[in-house]
Every structure is written in C-alpha cells, then in structure tokens.
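A.B. asks: just need the structure, nothing else, for what follows:
(2 chains)
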Amino acid sequence: MAKTVETVIRELSGPTPGQIMRSKVFGHRGLMIGGLVLLFVILVAIFAPLLAPHDPYHQNLMIRMRPPVWYDKGTWEHVLGTDHLGRDYLSRLIYGSRISLAIGLIAALISGLIGTAMGIAAGYFGGKVDMVVTFLINVRLAMPVVLVALAVVALFGGSLQIVIMVLGLLLWDRFAVVMRSATLQLRSMEYVTAARAIGCSTRRIIFSEIMPNILNNLIVIVTLEMAHAILLEAILSFLGLGVQPPTPSWGLMVSEGKQMLLFEPWMITIPGVALFVLVLAINLMGDGLRDVTAPENRN
Amino acid sequence: MLVFTLKKLGLALLVALAVSMLSFALLYLSGDPAAAIAGETASDSDIEAIRIFYGFDRPLLVQYGEWLFNAVRGDFGQSYYFQLPVGQLIADRLSVTMILGVCGITFALLTAVPLGVAAAVRPNSLIDRVALFISVMGQAMPSFWFGLVLIVIFSIQFQILPPSGSESWRHFVMPTIVLGYYAMPGIMRLTRAGMLDVLSADYIRTARAKGASEMRVMFKHALRNAIIPVVSLAAVQMGFMLGGSIVVESIFALHGAGYLAWESIGRNDLPTVQALILIFSLFYIVFTFLSDLLNAWLDPRMRVG
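C.D. replies: Numbers count the residues shown, from 1 in each chain, chains lettered A, B, ... in the order given. Below you'll find the predicted structure:
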C-alpha cells in the first residue's frame, strides 16, 4: 500500500495545533461542564417565550404563594410554585435568565472596550500615558463598587439600561490591569520591533500584532467580569436599587422572597440557586479557558 | 525605603484627592440639590432660600474647596435626613463596621491559610480538592443569598443565632462568616500557590538536608516566605470588605456604616452618601498603602518602583 505524501507528512509531524487545542478543550472537565451549562442557560434565554408555561407578568391573587410541586400542596400547573402576586415562578425564572445574561454580556463588553483600550495604551506607549492609566486604575479601585453603583442608580433611577451602563463604566479595572501587563510583555517582542522597523503604523501594530496575541487573556477576563457583573446586578436589585419590579430579575426575586423567609424558604432558594449555577458555570468556563489558552496566568 | 514610602504616600494622597472630587461631583449629577432638599411641594422662593442657606449659589470650585477643607477636619456637613452632623453620624456607626471587618478578615485568614497550606503540602489530594471546591463555591455564591440561607438554617430551623441586630457577639457570627467567605478564595489560592512555589526552593531542600523536622520546615522556612503576598492581599481585601459591608449589614440589619449608606441612598441624603463613599475609599487607600509598606519591609526586592 502506497501512502500519499500528505499522510506521511501528517504521521511524521504529529497532531496539528488545532487537534491539540481540540483535545485540550474537550478533555478539560471544568471547561466542558461550565460551557454546557452556560449554553443551556443561553438557549433557555433565547427560547424563553416557547419554554415558559405562563406569562411571567400575569398576576393572579387567587393563587398566591403556591409552593413548588415537591411540596404537599404543590401542583404541576405551577411546577416551581407562584410568588406573592400569584405569578408563575418557573416562568419568571426562565425570563430572568435574559436579564442576567444581557447584563453580564453588555456590561462586560462596555467595560472590556474601556479597559482594553486603556490597558493597551498604557502598556504600548508607556511613560506619561502609563502613569495616567495606572493612576486612573488606582482611583477606580479605591471607589467602593457596590456603594457607588447604588448611589448612581438611585440618582438616575433603576432601569435595565442604567444598571448596565453603571456596571459597564465601573468594571473596567481588571481589563486595564491585565491588558496593560500583557501588552508590556509583547511590546519588546521581536515581531513587534520588526513591524516597527518596516514602518508599520502604530494602529497597524496594535491591531495586527498586539491584539491577536492578547486575545486569549481578554476572553478569560471577559468571562470573569461577566460573572462579576451578573452578581453585582443581583446585589443591586436585591438591595432595591437595580432593575425595578415587575421585571423578573433573579436578584429581585430573592429580595421579594425575603419577606416570606420564615414560611416559604423555597422562594429565595430557587432564584438563588439559578444565580449560583450560572455564575459558577461562567467561572468554570473562564478558569478552563485560562488553563487551556494561557496556563502561565494561573493565580 | 524612605523614598519608596514618600512616593507611595504621595500617590495615595493624589488618589484620595481624585476620589474626593468624584464623590463631591456626585451631588451635582443629581440635578438641583436645593430642589431635592425642599421637596416636591416647595415654592420657587423656598428653593432659592435653601440654595442660599446651603451655599449652592456659589461657584462649584469654591464649594468643593470648602467641602474638602471641612472634610479634612472631619466636618462633612449636615445630614438632610437626620439634621445632625454627618461626621458624628458616621462615627457612631463605624465601630460596628470595623468590628465586622476585623472579624471577617480574621475568619478568612484562619480558615484560608491552613487550608491553603494543607492543599499545597499534598497537591491533588482529597484536601486539595476540598479546598478548591470551597474556593470555587465562594466565588460563585451571591453573598446576599448565602446570608439568607444561613438565616434560614441557623435562625429559623435551629434557632441558635439571632437573624438581625448588633447587640451581642452572637449577632456577628453569621455576618462574619458571609463577609469572610467572600475574601477566602483569593487568600487560599494565593497561600497555596505561594507554598507550592516556596516548597520547591533551594533553601527548603537545604533545611531538609540539615535534618530539620517537617513541621519546622513548613512553618519556619516555607510559610514565612509564602505568607508575604498573602498579608498584603489580606490588607487589600480588608479595604474591599469594608466597602462590601453594605450588603452584609443590610441583610442582617447590623447598624453599621454600610447600613447607614444603604438607608441614606434610599432617603436621598446626599451629604451622608458623599461622606461614606469618601470614607470607604480612604479605608481602601490606607490599607493598600500599608500593604505596600509591609511588602517592602518584609521583602526588600519590592522596594523599587
């Protein structure tokens, strides 16, 4: 049997980078579990209107606070019971995933843009730019996030857009710190010097030499900050100064359930567990991505 | 060391100044403060009188200068709601927050450091997995929810701890755990990584070769070196935790500065909110400054920069 030249080359050179990456990704348990759970939540959010058995806003005071199906008084009509206004808890939980995901994604995107721009500028230009950015990072870190976010939301009124903007404008610090040090390392690389030597513009160097090489770091921070933003939105809504009723935010559901803590502990358990599982999944995925793409950055 | 200290001190002061500007600016983001104090039913002349009484009619920079000058001396103006000096109001509440912060960081250190060391001594063992599990849980658990779950278990089910208030030490047990658990994962990961790093160092091999007992190697040689970054992280975490106390205090109705902040935001009591943002920021700045100094003192290699 004559082998083709291609197969011989393939056998001699071992697995391709793509194959190595694929086996790393699929072999990483945390990454797979986190990714699958996140995918599940994303699908639930997209298909919420099809999945939700009831209208999440529909009130029916005749059936207030029905317990979930596993309690004696529970019914299959309302699998996770109903809240203090008789709204179906499962439907609210399903629609709540949209709030959490939207906040996490958009806030991480905004803060990612701000922080990455600042970090790359500081790392690449150094000198005065670096001093200013480092100073801004210090100032930002000194401000107590929850307190400032609460105060600003209170001033402008709680709505989904305001909460997203506030979180996006507050959470850029980690992006800036990590992107700055990553760019600092790349700046003295030979290919960057080479690009500069052949007369590439600064813009070109940043976009085609620096950016692709810090992308893996960036993705990891995006996931971590997504989790961070989701937790913060829940905290703000829980404290009554985030997303306002009747929006089905998980933090708000815990807050509403808090009134019935004594008699209906499931009312805080269900949205709390949902929040916990989503954040855990995103964190697992972030840690996994870091292990796979940039293991040197552990800790 | 002196140059280093002065440099860090200068930076800390600049950051504090910037934060003071931002927290002052907050008042003016809200629109007309005089109208806010007067309420919705006030007439235009009432609002004008209030504007002159509080001095809102003067240039912004003059107002900021005066506010800062007074703030440095501990005078943060009058609370709109309580009609009391804000400084005094906060001073009364701060002790609860400080106790909570100290208890929280102590709890975090006492649990995280031993776990981190144990995990590093036997990597991938059962205890390492348990430590990892605890830290992954801690990072994903919403603090307010964790607090409520503790209330359900210990106050409602078993009725051994009070759910709210700040009268006795028993009121501080659950808030301490919730606040401390927040700081635990970071401290544990750093202890573990530091120990793993140190344990492969030459001087550890030397100590073992000299016949030092395993206990002595661990605590005298290894932990001493691994703990340096942990101490500075703990100081930074302490600053973060005081800022995060707002969540814990509002769950357990602990009447500290965080609870005051939450109430004041709800009441539109801006002088109090401004002062609290500034004070919490100052705590963070002071703690990071101390941590930098401590680092430089313990590890001379840090004294550059």
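
A.B. asks: and the residue of chain A closest to chain B?
C.D. replies: Per CB to the nearest CB, A:Pro144 is where chain A lies closest to chain B, at 3.0 Å. (Glycine included, C-beta is placed from N, CA and C.)

A.B. asks: B:Ile277 is in contact with that residue, correct?
C.D. replies: Yes - with contact defined as CB atoms under 8 Å, A:Pro144 counts as touching B:Ile277 (6.6 Å).

A.B. asks: those two: who's more crowded?
C.D. replies: A:Pro144 (27 against 24; other CB atoms under 10 Å in any protein chain shown).

A.B. asks: any chance you could map the helices in the chain?
C.D. replies: As the question left the chain open, I've gone with chain A. Along chain A, the stretches classed as helices by DSSP state H are A:5-13, A:17-27, A:29-46, A:48-51, A:89-125, A:127-142, A:145-156, A:160-170, A:173-187, A:190-197, A:202-204, A:211-238, A:250-258, A:266-293.

A.B. asks: meant chain B, my bad for not saying
C.D. replies: B:2-29, B:33-38, B:44-54, B:60-72, B:86-121, B:126-140, B:143-150, B:170-199, B:202-209, B:214-216, B:224-252, B:257-266, B:270-298.

A.B. asks: tell me which residue of chain B lies closest to chain A.
C.D. replies: Closest point on chain B to chain A, by CB to the nearest CB, is B:Gly243, at 3.0 Å.

A.B. asks: quick one: contacts for that residue?
C.D. replies: When contacts are counted by CB atoms under 8 Å, 6 or more residues apart in numbering or on different chains, B:Gly243 touches A:144-147, B:280, B:283-284.

A.B. asks: how close does the residue nearest to B:Leu161 when sequence neighbours are not counted sit to B:Val273?
C.D. replies: Nearest non-adjacent residue to B:Leu161, counting by CB to CB, 6 or more residues apart in numbering or on different chains: B:Phe154, 4.4 Å away. Noted for B:Phe154: a distance of 32 Å to B:Val273, by CB to CB, to the nearest Å.

A.B. asks: who's more crowded, those two?
C.D. replies: Shown here are B:Phe154 and B:Val273; by other CB under 10 Å, B:Val273 has more neighbours (29 against 17).

A.B. asks: so the more buried one touches A:Ala151, yeah?
C.D. replies: Yes - with contact defined as CB under 8 Å, B:Val273 counts as touching A:Ala151 (5.3 Å).

A.B. asks: any common contacting residues for those two?
C.D. replies: B:26, B:265.

A.B. asks: ok so, going back, between the contacts of B:Gly243, which is closest to A:Pro67?
C.D. replies: Nearest to A:Pro67 among the contacts of B:Gly243 is A:Val146, at 32.5 Å by CB to CB.

A.B. asks: show me what contacts the closest residue to A:Met226 other than its chain neighbours?
C.D. replies: Among residues not flanking A:Met226 along the chain, A:Gly104 sits closest, at 3.9 Å (CB to CB, 6+ apart). Going by CB under 8 Å, 6+ apart, A:Gly104 touches A:226-227, A:229-230, A:233, A:282.

A.B. asks: neighbour count and pLDDT added to these, as CSV?
C.D. replies: Shown next, in CSV, are those (neighbours: other CB atoms under 10 Å in any protein chain shown; pLDDT from 0 to 100):
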residue, neighbour count, pLDDT
A:Met226, 29, 92
A:Ala227, 23, 91
A:Ala229, 26, 92
A:Ile230, 28, 92
A:Glu233, 29, 90
A:Ile282, 29, 92
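
A.B. asks: closest one of those residues to B:Leu254?
C.D. replies: Closest to B:Leu254 out of these is A:Glu233 (23.6 Å), distances taken as CB to CB.

A.B. asks: which residue sits closest to the closest one in space, ignoring its chain neighbours?
C.D. replies: Nearest residue to A:Glu233 in three dimensions, chain neighbours excluded: A:Ile103, at 4.4 Å (CB to CB, 6+ apart).

A.B. asks: burial of residue 113, as a residue count?
C.D. replies: In the absence of a named chain, this looks at chain A. If we define neighbours as other CB under 10 Å, then A:Leu113 has 13 of them.

A.B. asks: wrong chain, I was asking about chain B
C.D. replies: By the measure other CB under 10 Å, the count of residues near B:Val113 is 22.

A.B. asks: A:Arg196 against A:Glu209, yeah?
C.D. replies: No - between A:Arg196 and A:Glu209 there is no contact under CB under 8 Å: 9.1 Å.

A.B. asks: ok, A:Gly286 touching A:Asn217?
C.D. replies: No - using CB under 8 Å, A:Gly286 makes no contact with A:Asn217, being 11.3 Å away.

A.B. asks: residue contacts, the residue nearest the centre of chain A?
C.D. replies: Centroid-nearest residue in chain A: A:Met226, 1.8 Å away (criterion: CA atoms, centre = their mean). Residues near A:Met226 by CB under 8 Å, 6+ apart: A:104-105, A:107-108, A:282.

A.B. asks: greatest separation within the residues you listed: which pair is it?
C.D. replies: A:Ala107 and A:Ile282 (12.8 Å).

A.B. asks: show me what from the stretch 1-150 of chain A comes close to chain B.
C.D. replies: For the stretch 1-150 of chain A, the residues in contact with chain B (CB under 8 Å from any CB of the partner chain) are A:135, A:138-139, A:141-148, A:150.

A.B. asks: A:Thr82: which of those residues is nearest?
C.D. replies: Nearest member of those to A:Thr82, counting by CB to CB, is A:Leu150, at 29.8 Å.

A.B. asks: what's the pLDDT at that closest one?
C.D. replies: Looking at A:Leu150, its pLDDT stands at 87.

A.B. asks: by mean pLDDT, which helix or strand of chain B comes out lowest?
C.D. replies: Ranked by mean pLDDT, DSSP states H and E, the helix or strand of chain B with the weakest confidence is helix B:33-38, at a mean of 68.

A.B. asks: contact residues of the stretch 51-200 of chain B facing chain A?
C.D. replies: Going by CB under 8 Å from any CB, the residues of the stretch 51-200 of chain B near chain A are B:136-137, B:139-145, B:148-149, B:151-152, B:156, B:189-190, B:193.

A.B. asks: quick one: buried ones out of the residues you listed?
C.D. replies: Buried subset of these (neighbour count, 16 or more other CB atoms under 10 Å in any protein chain shown): B:136, B:139-145, B:148-149, B:151-152, B:189-190, B:193.
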